[in-house]
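J.: Have a look at this prediction, sequence included:
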Amino acid sequence: MADFVGAIDQGTTSTRFMIFDHGGNEIARHQLEHEQILPRAGWVEHNPTEIWERTRAVIETALTKANLQHSDLAGLGITNQRETTVVWNRRTGRPYHNAIVWQDTRTDAIAAALDRDGRGDVIRRKAGLPPATYFAGGKIQWILENVPGVREAAEAGDAIFGTTDSWLLWNLTGGRDGGVHVTDVTNASRTMLMDLETLDWDDELLSFFDIPRAMLPEIRPSSDPRGYGTTRASGPVGGEVMLTAALGDQQAATVGQVCFEPGQAKNTYGTGNFLLLNTGEELVRSEHGLLTTVCYKFGDAKPVYALEGSIAVTGSAVQWLRDQLGIISGAAQSEALARQVDDNGGVYFVPAFSGLFAPYWRSDARGAIVGLSRYNTNAHLARATLESICYQSRDVVEAMRQDSGVALEVLRVDGGVTANELCMQLQADILGVPVSRPVVAETTALGAAYAAGLATGFWKSTAELESNWQEDARWLPEWDDERREKGYAGWKKAVARTLDWVEI
């Protein structure tokens, strides 16, 4: 009997393959970064072929490290950066263009036009999303309009679209030789093209972007006992294993954090921050700048929905300190540098590199560092960077409280930035609630594994998964209310300085 489940975690900056046992414990992993392609200001791209090659490599290496083979795996799940858009030729397997990443802002004119003529209200009602550069629909339209030959190929049925889950599923199941073209409800809900109630592509929404329906993958449950297809013996797994789960990365993290009850929330700290609140089978429409999205759908059960606050730049702001400014040599050094000072010295950093996402949705915003005096040092900037991660999360928590009426009692956290102890303490201080990190901090991959294992019977129920969850660390608030509110007021002033910077 197979004793393990595998999960591909295809993220914004890297791809990893992780293997878990029945207790949800990590057995092996391998991870590789891929290139961030920045052709011009506001444009962010990835090479889909490089991502597929990295995926092959991490699967092969992790299996070798653990001395396992395909027959040891009860199932495979995929989790992925969600809105990043790939269009490729189903006959040749070649992408027509680099993948356009969720952070990319080249479609700002498309998004603005949708809001000007009322189509934006239809998108909000049907898809639960505001028209924004973030989502995939505008990116597909841009490729159709700007890459020669793609429109004609799409009309002929040769050019097909997918987020990176679809791209990897297609390649893993045979590519040009019978590869399946599918996605799941969570990824489809990030396109502006799927109706949240029918869980199907909507012809009216497709017409807004002039996208041929034939380009789109079949929408399936996030965890599907029927499977999406099997891996090929010639592929990186080395044999036939059923692919039984796919979830967008933030929904996968929600499953990995076992937030199965309405009112439970998690915050994932990665390239950006993504805070999801489980609203159960109720479709809650936000009045305060949040997204209504599908949280997950397990087999034939009803879909579970969520409110989401998506923040574009958090962990990547620390990466910017390293790569663009050169004031730290690695992410871990940001904590040591920030600890050299007791506060931010009056400095606020709003990293609106690609506009502001939730709850503002302002593509005209750009990054700003405010409050500088000659007294300030690189340590103040490092601390302001960590605080920006936490203040942006507070913005989202405040909006969730207004939308749902639920006051947060504890915040479950995961992702790479949670290794930064100072940042997590700041998060507790700025929110005024405890922050809890689980033993397995990489819950995105774990959630994909859980969904895959539920589909195959490797795990019998969500209750079994809840018993696996264990707390590793907890941070309690140390600031008093006066300091907390004064700091947040300063943050709101700083955000105001970033607006109306770009003319759209």
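T.: Ah, there it is. Numbering: from 1, shown residues only.
J.: Now do the residue lying closest to R412 once chain neighbours are set aside: how many residues are near it, please.
T.: Spatial nearest neighbour of R412, chain neighbours left out: K266 (4.4 Å); criterion: C-beta to C-beta, 6 or more residues apart in numbering. Where C-beta positions appear, they are placed from N, C-alpha and C, glycine not excepted. Burial of K266, expressed as a neighbour count using other C-beta atoms under 10 Å, amounts to 27.
J.: so which strand or helix has K266?
T.: Assigned by DSSP states H and E, K266 belongs to strand 265-269.
J.: Could you name the helices and strands sitting against that strand?
T.: Using 3 or more C-beta pairs under 8 Å, 6 or more residues apart in numbering; DSSP states H and E, the elements in contact with strand 265-269 are helix 249-256, strand 273-280, helix 378-404, strand 411-414, helix 443-456.
J.: same thing but 7 Å
T.: helix 249-256, strand 273-280, strand 411-414 (3 or more C-beta pairs under 7 Å, 6 or more residues apart in numbering; DSSP states H and E).
J.: Show residues contacting the last one.
T.: Judged by C-beta atoms under 7 Å, 6 or more residues apart in numbering, the contacts made with strand 411-414 from elsewhere in the structure are 253, 256-257, 259, 265-269, 424, 431, 433, 435-438, 441, 443.
J.: on that earlier part again, please state the mean pLDDT value computed over the strand holding K266.
T.: Taken as a whole, strand 265-269 has a mean pLDDT of 90.
J.: What of stretch 43-53?
T.: Stretch 43-53 comes out at a mean pLDDT of 97.
J.: what does stretch 433-453 give?
T.: On average, stretch 433-453 scores 92.
J.: Reformat the helices and strands packed on strand 265-269 as TSV; add distance to R124, mean pLDDT and mean neighbour count.
T.: Formatted as TSV, the helices and strands packed on strand 265-269 follow (distance: least, C-beta to C-beta, whole Å; pLDDT from 0 to 100; neighbours: other C-beta atoms under 10 Å):
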stretch	distance to R124	mean pLDDT	mean neighbour count
helix 249-256	20	94	31
strand 273-280	17	91	24
strand 411-414	27	92	24
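J.: Out of the ones you listed, which gets nearest to D500?
T.: With C-beta to C-beta as the criterion, D500 lies closest to strand 273-280 of those, at 24.0 Å.
J.: after the closest one comes which helix or strand?
T.: strand 291-296.
J.: what about L426, neighbour count?
T.: 24.
J.: Now do the same contact list for the nearest residue to it once chain neighbours are set aside.
T.: Once flanking residues are discounted, L426 sits nearest to C390: 4.8 Å by C-beta to C-beta, 6+ apart. For C390, the contact set (C-beta under 7 Å, 6+ apart) comprises C423, L426, Q427, I430.
J.: The first one falls within a strand, correct?
T.: This means C423. No - judged by DSSP: H, G, I helix; E, B strand; the rest coil, C423 forms no part of a strand; its state is helix.
J.: wait, doesn't it sit right on L386?
T.: Yes - counting by C-beta atoms under 7 Å, L386 is a contact partner of C423 at 4.5 Å.
J.: and for these two, which residues touch both?
T.: With C-beta under 7 Å, 6+ apart, C423 and L386 have no common neighbours.
J.: what about the nearest residue in space to G315 that is not next to it in sequence, is that helix, strand or coil?
T.: Leaving aside its sequence neighbours, G315 sits nearest to V417 (C-beta to C-beta, 6+ apart; 5.0 Å). Put simply, V417 is helix when judged by three-state DSSP.
J.: how close does V417 get to D323?
T.: 16 Å (C-beta to C-beta, to the nearest Å).
J.: So for those two, which sits in the more crowded spot?
T.: For V417 versus D323, neighbours defined as other C-beta under 10 Å are more numerous around V417 (27 against 11).
J.: so how far is V86 from the more buried one?
T.: Distance from V417 to V86, by C-beta to C-beta: 27 Å.
J.: Which elements pack onto the helix or strand hosting I78?
T.: Using DSSP H and E, I78 sits within strand 73-80. Judged by 3+ C-beta pairs under 7 Å, 6+ apart, strand 73-80 is in contact with strand 4-10, helix 164-172, strand 242-248, helix 249-256, helix 443-456.
J.: quick one: which of these is nearest D395?
T.: Across those, D395 has its closest neighbour in helix 249-256 (16.7 Å, C-beta to C-beta).
J.: Okay, angle between the closest one and strand 291-296 too, please.
T.: Helix 249-256 runs at 50 degrees relative to strand 291-296, counting by axes from the mean of the first three to the mean of the last three C-alpha atoms, to 10 degrees.
J.: Give me the residues contacting helix 249-256.
T.: 11, 79-82, 186, 222, 247, 266, 268, 274, 276, 278, 295-296, 306, 308, 414, 443-444, 446-448, 450-451.
J.: for this protein, which spans come out with low pLDDT?
T.: 1, 504 (pLDDT under 70).
J.: which residues does N468 contact?
T.: N468 neighbours (C-beta under 7 Å, 6+ apart): G23, G24.
J.: Give me the distance between it and A28.
T.: Counting by C-beta to C-beta, the gap from N468 to A28 is 18 Å.
J.: How about G326?
T.: In terms of C-beta to C-beta, G326 sits 34 Å off from A28.
J.: now V44
T.: 31 Å.
J.: same deal with T231?
T.: Distance of T231 to A28, computed by C-beta to C-beta: 17 Å.
J.: Looking at those two, which is more packed in?
T.: More crowded of T231 and A28, by other C-beta under 10 Å: T231, with 24 against 18.
J.: Surely the more buried one touches M242?
T.: No - the pair T231 / M242 is not scored as a contact, 8.1 Å apart, by C-beta under 7 Å.
J.: Need the residues touching each of those two.
T.: Joint contacts of T231 and M242 (C-beta under 7 Å, 6+ apart) do not exist.
J.: Strands along the stretch 1-150 of the chain, start to end?
T.: Ranges of strands within the stretch 1-150 of the chain are 4-10, 14-20, 26-33, 45-46, 73-80, 86-89, 99-100, based on DSSP state E, counting those that start in this stretch.
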